[in-house]
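K.L.:
fold the following, please.
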Amino acid sequence: MVKYKILIASLLLTALLVGPVIAADINSSDMDKYIQIIKHGNSTVREETISFLKEYITDITGGDKPLSPLMIEKHHNYLASINFSWLDNESLGEQLDKGNIAGGEVSKLKAALNKDGFTVQQGMLKNIKIFDLVNQGVLFTAQANNPSTPYKGFILPRAPEQTSINAFSDPANFSVTYRLRPDEAVIFVGRTPPSCKYFSYQSFLVLKYDPEQNVFRKIFANMGDTINKYYIKTGGAPNATQGNPFDQPVVIIVTADNGTANRVLEAVQSAGYPDDIVNIEPLSSQIAKMGLEEGSDTFMFLNRMAFFEDEAAGNNYMSNAPGVVFRLTPNNTSSLDPYPVPELRVRGTGNASEMQLLGAVSELRRAILDKYNSSNATELTTSLWLTEGYDALQRNINVYGPTRDTSYLNTTPFVLGNNSSDFLIVYGVNHAAWGKAIYCNFGVYGMSLKNGVVAVDDTKLRGTAEEYLPNNPLAKYLYVWKVSRHCDGEKYCSKVPTGPGAYGIGFDKEAFVGFRAYIENQTKVGPSNTEMVYDKVIKISA
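P.N.:
Numbers count the residues shown, from 1 in each chain. Below is the predicted model:
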């Protein structure tokens, strides 16, 4: 069954997120190409798998294509057939006590919400093990995951009387994606992550309905800025002032309606929770179609973390629910008070001082080519990778769940075979060492699954360029790193795995390198690409 689940993930990924979704046959060469994305000749194809694929997969190339309501239903049935559960046998009742924080009591909160006319349904904030979900056929790509960043997400039930199927929903109708009535809210009551370099909370518009074509377009767009560690209100950093935001009590309310937010806030206050730990994330119905019907847009909520100071504490946070989540549905409709489109934090400071490193980067490039023989080198092109949610909303493109807390660059594609003389040299400016970001990293991604399987961050990159530029005082701000299938003990080298499944990139499969630089200190948002020196990659082949 495990191999079957791994196979179905690779074969379905383009059908749902990259390929069209009308019924048609595919030829044997296409089937073989799909199979080899993940199985690498090690899995057995089941007849029912092939039958399913022949009915629904029609193309294995091209950009992001729409997802039909029929395909959402078929995938829901598939998850039922493998007995998949988002809750993974966890008891929601046992999580209730985790909402008793900062003097507030969950039982009083539920009672106050019920008294005010809300139906209260429990969900959870769960660890999203994205590679496992892809290998099970639950998700169909890794959505350009940051390899340095684990993720948690809201898992919510359908709203009362909702009949439309949410994408990726399990047999109990829980899902990581959900629709919201314009007057509904979701509330998280719990604790923030333990000490780490970065964390944030944010909602995304994942599937945008196209009424003319009766399809959902995958855009995975942020709907504003994050509630990050610099802006969050917690017990340790009340009213988002300077303080300790880690492992602190917090309340987060997500809603599109100001009136609903005020009602929920009153219930929170009556249950004993202090105002200075309450955060409201406003969703704007001006850019999203709220509602429960089949033609409504679909949302997702993610909690990102990076680089826990204490690994054991981080593992404990990821393995356990840090609080309680409720879906709140008013029993009676009332006049709406929708939020406007939120203002965005301004990127950039005007400080483009990184540009003074261009000469040193050119000198570093020459030293790399001299070492590895320029006749065997191919220089990849680095350019803007992911834009932002408001761009995705206008162009109906998939931006893979971006956050405005970072920049995004990537390279042109390459193929990395199983040969020790076939490797990459990644080099450029260490943006954290220069002071342009609190952390930066690069990841190696499979083109088909958008799976980041290798990550190298700024702490590992420090000091790696000095052997190439021993007499250049600017070398301490630069880096050089090798990426290969065979590191053979090399100090500054990362090995690219082949699997299992989404945990690797197959031999001779297209891949690319993606770059991130998180949070400029002066703005507390991602740096502007126009003020940065682009990272670079050279492909060396025998």
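K.L.:
next, count neighbours for Val278.
P.N.:
For Val278, the neighbour count with other CB atoms under 10 Å is 21. Glycine gets a C-beta too; all of them are placed from N, C-alpha and C.
K.L.:
what bridges to it?
P.N.:
Val251 (DSSP bridges).
K.L.:
what residues are up against it?
P.N.:
233, 251, 253, 265, 268 (CB atoms under 8 Å, 6 or more residues apart in numbering).
K.L.:
immediately after the helix or strand containing Lys108, which helix or strand?
P.N.:
According to DSSP states H and E, Lys108 maps onto helix 106-115. Next in sequence after helix 106-115, counting helices and strands by DSSP H and E, comes strand 118-127.
K.L.:
can you tell me how far the closest residue in space to Arg462 that isn't next to it in sequence is from Arg179?
P.N.:
Spatial nearest neighbour of Arg462, chain neighbours left out: Ala433 (6.0 Å); criterion: CB to CB, 6 or more residues apart in numbering. Going from Ala433 to Arg179 by CB to CB, to the nearest Å gives 44 Å.
K.L.:
how deep is the closest residue to Gln213 other than its chain neighbours tucked in, by neighbour count?
P.N.:
Residue nearest to Gln213 in three dimensions, not counting chain neighbours: Pro66, with 6.3 Å by CB to CB, 6+ apart. Neighbourhood size, Pro66 [other CB under 10 Å]: 21.
K.L.:
also Val268?
P.N.:
Val268 has 23 neighbours, counted by other CB under 10 Å.
K.L.:
what do you get for Glu293?
P.N.:
Glu293 is flanked by 12 other residues according to other CB under 10 Å.
K.L.:
contact partners for the closest residue to it other than its chain neighbours?
P.N.:
Nearest non-adjacent residue to Glu293, counting by CB to CB, 6+ apart: Ser164, 5.9 Å away. Remark: with contacts taken as CB under 8 Å, 6+ apart, Ser164 is in contact with 179, 292-294, 296.
K.L.:
and Lys289, how far from Val399?
P.N.:
For Lys289 relative to Val399 (CB to CB), the value is 18 Å.
K.L.:
ok, the two, which is more surrounded?
P.N.:
Remark: of Lys289 and Val399, Val399 carries more neighbours, 24 against 16, as counted by other CB under 10 Å.
K.L.:
that older thread, how close does the residue nearest to Arg462 get to Val454?
P.N.:
21 Å.
K.L.:
quickly find the element holding the residue nearest to Arg462.
P.N.:
Taking DSSP H and E as the criterion, Ala433 maps to helix 431-434.
K.L.:
other SSEs contacting that helix?
P.N.:
Using 3 or more CB pairs under 8 Å, 6 or more residues apart in numbering; DSSP states H and E as the contact test, the elements touching helix 431-434 are strand 439-446, helix 458-461.
K.L.:
what does it contact?
P.N.:
For helix 431-434, contacts defined as CB under 8 Å, 6+ apart pick out 353-354, 357, 437-440, 458, 461-462, 476-477, 517, 527, 532.
K.L.:
what subset of the residues you listed is buried?
P.N.:
354, 357, 437-440, 458, 461-462, 477, 517, 527, 532 (16 or more other CB atoms under 10 Å).
K.L.:
so can I have CSV of the residues you listed showing pLDDT?
P.N.:
Formatted as CSV, the buried ones among the contacts of helix 431-434 follow (pLDDT from 0 to 100):
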residue, pLDDT
Glu354, 98
Leu357, 98
Ala437, 98
Ile438, 98
Tyr439, 97
Cys440, 98
Asp458, 98
Leu461, 98
Arg462, 98
Tyr477, 98
Ala517, 98
Pro527, 98
Met532, 98
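K.L.:
hmm, back to that, the more surrounded of Ala433 and Arg179?
P.N.:
Legend: neighbour count by other CB under 10 Å for Ala433 and Arg179, higher for Arg179 (27 against 18).
K.L.:
can you pull the contacts of the more buried one?
P.N.:
159, 162, 164, 166, 290-292, 296-299.
K.L.:
swap in 6 Å and give it another go.
P.N.:
By CB atoms under 6 Å, 6 or more residues apart in numbering, the contact list for Arg179 reads 292, 296, 298.
K.L.:
same check on Asn114?
P.N.:
Neighbours of Asn114 in contact, by CB under 6 Å, 6+ apart: none.
K.L.:
go again with 8 Å.
P.N.:
Counting by CB under 8 Å, 6+ apart, Asn114 touches Val120.
K.L.:
roughly how far apart are it and Pro330?
P.N.:
Counting by CB to CB, the gap from Asn114 to Pro330 is 12 Å.
K.L.:
ok, now Met318?
P.N.:
Counting by CB to CB, the gap from Met318 to Pro330 is 33 Å.
K.L.:
and the helices in this protein?
P.N.:
Here the chain has its helices, by DSSP state H, at 2-13, 28-38, 47-56, 69-81, 106-115, 130-136, 258-270, 311-319, 358-372, 389-395, 431-434, 458-461.
K.L.:
show me the shaky parts of the stretch 201-350 of the chain.
P.N.:
Of all residues in the stretch 201-350 of the chain, none has pLDDT under 70.
K.L.:
I misspoke; the intended subject was the stretch 1-150 of the chain.
P.N.:
Using pLDDT under 70, the stretch 1-150 of the chain drops low at 1-65.
K.L.:
cutoff 50 now
P.N.:
Applying pLDDT under 50 to the stretch 1-150 of the chain picks out residues 1-31, 33-63.
K.L.:
beta-bridge partners for the nearest residue to Ser319 once chain neighbours are set aside, please?
P.N.:
Nearest non-adjacent residue to Ser319, counting by CB to CB, 6+ apart: Asn127, 6.8 Å away. Going by DSSP bridges, Asn127 is paired in beta bridges with Lys152.
K.L.:
got the domain boundaries for this protein?
P.N.:
Using automatic domain parsing, the domain parsing of the chain gives 2-65, 100-330, 353-540.
K.L.:
show me how far the longest one is from its chain's centre.
P.N.:
On the basis of CA atoms, centre = their mean, to the nearest Å, domain 100-330 is displaced by 14 Å from the centre of the chain it belongs to.
K.L.:
for the lengthiest strand in the chain, name the packing helices and strands.
P.N.:
Longest among the strand segments of the chain by residue count, using DSSP state E, is strand 196-210. Applying 3+ CB pairs under 8 Å, 6+ apart, we find strand 196-210 packed against strand 215-222, strand 227-228, strand 278-282, strand 298-308, helix 389-395.
K.L.:
flag every buried residue along it.
P.N.:
Within strand 196-210, the residues scored as buried using 16+ other CB under 10 Å are 196-209.
K.L.:
check stretch 302-318 too.
P.N.:
302-308, 313-314, 317-318.
K.L.:
what residues does that stretch touch?
P.N.:
Taking CB under 8 Å, 6+ apart as the rule, stretch 302-318 contacts 125, 127-128, 146, 148-153, 193-202, 204, 226, 247, 401, 403, 439, 457, 518.
K.L.:
and that stretch, end to end?
P.N.:
Using CA to CA, to the nearest Å, the end-to-end distance of stretch 302-318 comes out at 13 Å.
K.L.:
picking that back up, among the helices of the chain, which is nearest Thr382?
P.N.:
Nearest to Thr382, of all the helices of the chain, is helix 358-372, at 11.6 Å by CB to CB.
K.L.:
returning to that earlier point: any chance of a markdown table for the buried residues of strand 196-210, columns distance to Leu393?
P.N.:
Output for the buried residues of strand 196-210, formatted as a markdown table (distance: CB to CB, whole Å):
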| residue | distance to Leu393 |
| --- | --- |
| Cys196 | 30 |
| Lys197 | 30 |
| Tyr198 | 25 |
| Phe199 | 26 |
| Ser200 | 20 |
| Tyr201 | 21 |
| Gln202 | 15 |
| Ser203 | 14 |
| Phe204 | 11 |
| Leu205 | 7 |
| Val206 | 12 |
| Leu207 | 12 |
| Lys208 | 7 |
| Tyr209 | 12 |
